[in-house]
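Participant: task: produce atomic coordinates for the following.
(chains A and B, ligands or ions: 2)
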Amino acid sequence: MTAPTTTDGRPNPTRGLGAIWFQVAHSAASSARLQPAALVHTGVHYLIVAVAITTLWTRAADGHSGTIVGYRAGALVWYLAATEVTAIAPPLRLIDRFGADVASGRFELELLRPAPALWVRVAAEIGTSLPRTAVCATVGAGLALVIGGAPETPVALVLVGPALLLGVALTIVAQHLLAAATFWLLDSRTSWFLYQKLQFTLGGLVLPLEVLPGSLGRIARLTPFAAMSYAPGRLASGHLEPGWLLAQVAWLAVLGLVTARVFAAGERHLGDGGAS
Amino acid sequence: MTASPSASSPVQRAPGPAPAANAVIAVDDMRRTFTTGRRRRRRTIEAVRGITFTVARGERLAFIGPNGAGKSTSIKMLTGLLRPSAGSVRVLGLEPWSQRRALSRRIGTLFGQRSLLWPELPARTSLATLGAIHGLDRPGLGRRITELGELLEATELLDRPVRTLSLGQRMRCELAAALLHRPDLLFLDEPTIGLDLLAKQRFREVLVRLNTEHSTTVFLTSHDVADIEHVAERAVIVNHGTVIHDSPVASLRRTLLTTKRIEVGLARAQTVADVRAALGPDIGPVMALGDRPADDGMPVDGIAIGVDTRRQAIGAVLDRVLRHLAVADVSVADPPLEAVIGEIYTRPAATAPAVVQSLRDGPS
Ligand SMILES: Nc1ncnc2c1ncn2[C@@H]1O[C@H](COP(=O)(O)OP(=O)(O)OP(=O)(O)O)[C@@H](O)[C@H]1O
Ligand SMILES: [Mg+2]
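Facilitator: Ligands and ions are numbered 1, 2, ... in the order given. Prediction:
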């Protein structure tokens, strides 16, 4: 045992939140990368879901003179391959885990750190999902090439990468927003149920939003769920609509701010004695 | 006695420095109530009912009291996790509740029953992440982790997933996490809970060492008297949400001890009843020594006498023993610190301040 030294510097209090964010995300991403078994598991999970859903709809499209709600079979495969990434790549059971951490008091301890707990959590979850997103997107691209053929508008594909990342980031922020109900209700199961159903329908996970009747489809497109899943799907299916990236960024900012406000209120509530 | 459990209960204080500029903790009439239940079931719990004390830089303080006394609630208010219902709280010059984040750069916290490390990851990864959150730069962080690994003898443990560690091993890693950013002040809520004897000893040694080498102020709660004796220099005892005693650990026994035990080896075997008769009717409890029943009517060659020092001077009792009994050997012993503390804990809420008062007036 050697005596500890005090020569090297204390933490730098002026260090920006941005730098903290990237270090936390990087550290989470590297540890996720160091668990290849978990990544293989994610890839297989994605593959099973994507194969099931794409074969289902390409079969259906065959019976509909090759198109469904305006998408030709090949474009539909690219669409589904992209949207499923935003469903499978984000860390699993985020809302449940968060609820458990609030109930066990673990979350409370995260408040005893110099960076906001939400900021750190979102950074860690996004970091963890980066390698997962890469795996799913790679598997998805391979699958789409094999089943759906070459993309109709390869230029649009360039935008799919950022759209997927933004979509995954949006799902993570949105899940935190719903998970915040735990601060008051001490139960997050309803939140998770609600979230899944909303992403499923309004995000266009099973079929493009065009399948929704009239105004419902237009409304769905204005929700953050469309920005999460439909947006990368739309781009992947060959529609060169860069506006979706802007919508994603805007939603990320809005949801981020709202979630931060809700967390601040929730943390105050914890400090006032918590749910009783 | 008529003293009421008012906010400003008279409490014995350590003769240490007055609340000065070097106070790292200054708490004045800190209170906290909780309301539970709804509507008709609504109940208000006064968890902390007016706590006042200061802690100087470099002190090692044990904050002790029975279950539900308000220790954890107090620590949560001192760290900024809970908003005090009333009173003023200053820690390192900051108000914890409103300046929690700034405070968190300078304090370390360890809660024995909770973990800050991610169970699936090696502690080293968790520490790296925590280091990033605290804004440590990479080379500095690497050095710090190595240093803590050595200090806590945890170097090999740092690379195993935390969930595979034993409790004692995990606690060493948890302590590393609490110390990562070189805090000036360390709050530990039952840190040794569940550790074995050796692990506890090592843990205590580290705390004392941090304190002596880096003047880290240590604020500790524990139900283990040995933690108090071996780590703390000062003990603040709380019960029912108020401070009922505050003194150096060394004088705890002396000031609070109201009973002593005189053990007498008899030159000639006698029955306990004969001894009692010889010593007079106002003598304290007399019992046979060793594994004999307290009094079975048979002659014994050793007895013990309990003395309530508030009623009788120990010298007077010894005097009588020497005069009336054929003494082969005699010794006077203190009950263990555990018994002293246990006795304080059992005092009911309303009389606690009164008891402190009587102690102050009585012999010490
Ligand atoms: N969030 C809460 N809501 C309601 N009551 C609470 C809450 N937290 C603590 N209490 C009550 O406040 C009192 C003090 O609790 P506290 O946890 O501070 O005790 P403690 O001294 O740490 O005890 P222990 O030695 O058992 O850890 C208890 O009666 C407890 O039930
Ligand atoms: Mg406690």
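Participant: got the confidence number for the residue of the stretch 1-150 of chain A found nearest ligand 2?
Facilitator: Nearest residue of the stretch 1-150 of chain A to ligand 2: A:G105, at 11.4 Å (Cβ to the ion). Heads up, the C-betas are built off the backbone N, CA and C, glycines and all. If you check A:G105, the pLDDT there is 88.
Participant: give me every residue that touches it.
Facilitator: B:111, B:114 (Cβ atoms under 8 Å, 6 or more residues apart in numbering or on different chains).
Participant: give me phi/psi at it?
Facilitator: In terms of degrees, to the nearest 10, the main-chain angles of A:G105 are phi 90, psi 0.
Participant: which non-adjacent residue is nearest A:A169?
Facilitator: Once flanking residues are discounted, A:A169 sits nearest to A:I126: 5.5 Å by Cβ to Cβ, 6 or more residues apart in numbering or on different chains.
Participant: burial measure for A:A179, as a count.
Facilitator: The number of residues packed near A:A179 is 26, by other Cβ atoms under 10 Å in any protein chain shown.
Participant: ok, it - contacts?
Facilitator: Taking Cβ under 8 Å, 6+ apart, we find A:A179 in contact with A:94-95, A:98-99, A:188, A:191.
Participant: can we see that at 10 Å?
Facilitator: A:94-99, A:101-102, A:121, A:188, A:191-192, A:195, A:259, A:262-263, A:266 (Cβ atoms under 10 Å, 6 or more residues apart in numbering or on different chains).
Participant: narrow these to those in helices?
Facilitator: Those of the contacts of A:A179 mapping onto helices are A:94-99, A:101-102, A:121, A:191-192, A:195, A:259, A:262-263, A:266, per DSSP state H.
Participant: center of chain A, which residue is that?
Facilitator: A:V168 (2.5 Å; Cα atoms, centre = their mean).
Participant: so where's the stretch 251-364 of chain B uncertain?
Facilitator: Across the stretch 251-364 of chain B, the ranges flagged by pLDDT under 70 are B:255-257, B:291-295, B:335, B:348-364.
Participant: sketch out the helices for it, chain order is fine.
Facilitator: Secondary structure of the stretch 251-364 of chain B by DSSP state H, counting those that start in this stretch: the helices cover B:272-279, B:314-324, B:337-345, B:352-361.
Participant: reformat those as a markdown table; add mean neighbour count.
Facilitator: Putting the helices of the stretch 251-364 of chain B into a markdown table (neighbours: other Cβ atoms under 10 Å in any protein chain shown) gives the following:
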| stretch | mean neighbour count |
| --- | --- |
| helix B:272-279 | 16 |
| helix B:314-324 | 14 |
| helix B:337-345 | 16 |
| helix B:352-361 | 17 |
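Participant: go through chain B and flag its longest helix.
Facilitator: helix B:197-214.
Participant: flag every buried residue along that one.
Facilitator: B:199-200, B:202-204, B:206-207, B:210-211 (16 or more other Cβ atoms under 10 Å in any protein chain shown).
Participant: helices and strands around that helix, which ones?
Facilitator: strand B:60-64, helix B:138-151, helix B:167-179, strand B:185-189, strand B:217-221, helix B:225-231 (3 or more Cβ pairs under 10 Å, 6 or more residues apart in numbering or on different chains; DSSP states H and E).
Participant: pLDDT of it, averaged?
Facilitator: Computed over helix B:197-214, the average pLDDT equals 92.
Participant: now do it and strand B:217-221, the angle between them.
Facilitator: 150 degrees (axes from the mean of the first three to the mean of the last three Cα atoms, to 10 degrees).
Participant: I'd assumed A:L165 was in contact with the residue nearest to A:A169.
Facilitator: Yes: with contact defined as Cβ atoms under 10 Å, A:I126 reaches A:L165; the gap is 8.5 Å.
Participant: what touches both of these two?
Facilitator: A:T133.
Participant: okay, helices next: where are they in chain A?
Facilitator: Using DSSP H, helices in chain A cover A:17-33, A:36-62, A:73-88, A:94-104, A:106-110, A:117-143, A:154-179, A:182-185, A:189-202, A:214-221, A:224-225, A:231-236, A:243-271.
Participant: tell me the most buried of these?
Facilitator: helix A:231-236 (a mean of 31; mean count of other Cβ atoms under 10 Å in any protein chain shown).
Participant: does the host helix or strand of B:S126 reach chain A?
Facilitator: B:S126 belongs to helix B:123-133 when assigned by DSSP states H and E. Yes: counting by Cβ under 10 Å from any Cβ of the partner chain, chain A has neighbours in helix B:123-133: B:125-126, B:128-133.
Participant: go on, stretch B:34-54?
Facilitator: Yes: using Cβ under 10 Å from any Cβ, stretch B:34-54 reaches chain A at B:34-38, B:42-43, B:45, B:47.
Participant: tell me if that stretch is near ligand 2.
Facilitator: No: Stretch B:34-54 stays clear of ligand 2 (Cβ under 5 Å from the ion), getting no nearer than 10.4 Å.
Participant: start and end of that stretch, how far apart?
Facilitator: Stretch B:34-54 has an end-to-end distance of 24 Å (criterion: Cα to Cα, to the nearest Å).
Participant: buried sites along that stretch?
Facilitator: B:34, B:46-54.
Participant: report whether it contacts ligand 1.
Facilitator: Yes: applying Cβ under 6 Å from any ligand atom, one finds stretch B:34-54 touching ligand 1 at B:34, B:36, B:45, B:47.
Participant: including mean neighbour count, could the helices and strands packed on helix B:197-214 go into TSV?
Facilitator: Shown next, in TSV, are these (neighbours: other Cβ under 10 Å):
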stretch	mean neighbour count
strand B:60-64	25
helix B:138-151	18
helix B:167-179	22
strand B:185-189	23
strand B:217-221	25
helix B:225-231	21
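Participant: before we move on, back to that, between the longest helix of chain B and helix B:138-151, how many degrees?
Facilitator: Using the same axes, to 10 degrees: helix B:197-214 against helix B:138-151 is 130 degrees.
Participant: extract the C-alpha trace of helix B:197-214 and format it as PDB.
Facilitator: Provided in PDB are the C-alpha atoms of helix B:197-214 (Å, rounded to 0.1, in the frame of the first residue of the first chain):
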ATOM      1  CA  LEU B 197     -15.100  -8.400  11.500                       C
ATOM      2  CA  LEU B 198     -11.900  -8.000   9.400                       C
ATOM      3  CA  ALA B 199     -13.600  -6.100   6.600                       C
ATOM      4  CA  LYS B 200     -15.000  -3.700   9.200                       C
ATOM      5  CA  GLN B 201     -11.600  -3.200  10.700                       C
ATOM      6  CA  ARG B 202     -10.000  -2.400   7.400                       C
ATOM      7  CA  PHE B 203     -12.800  -0.100   6.500                       C
ATOM      8  CA  ARG B 204     -12.300   1.800   9.800                       C
ATOM      9  CA  GLU B 205      -8.600   2.000   9.200                       C
ATOM     10  CA  VAL B 206      -9.100   3.600   5.800                       C
ATOM     11  CA  LEU B 207     -11.500   6.200   7.200                       C
ATOM     12  CA  VAL B 208      -9.100   7.200  10.000                       C
ATOM     13  CA  ARG B 209      -6.300   7.300   7.500                       C
ATOM     14  CA  LEU B 210      -8.200   9.500   5.100                       C
ATOM     15  CA  ASN B 211      -8.900  11.800   8.000                       C
ATOM     16  CA  THR B 212      -5.400  12.000   9.300                       C
ATOM     17  CA  GLU B 213      -3.600  12.200   6.000                       C
ATOM     18  CA  HIS B 214      -6.100  14.500   4.100                       C
END
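Participant: residue contacts, residue 31?
Facilitator: Going with chain A. With Cβ under 10 Å, 6+ apart, A:S31 has these contacts: A:124, A:127-128, A:131, B:118, B:120-122, B:125-126, B:128-129.
Participant: oops, chain B please
Facilitator: With Cβ under 10 Å, 6+ apart, B:R31 has these contacts: B:7, B:46-51, B:70, B:77, B:84-87, B:241-242.
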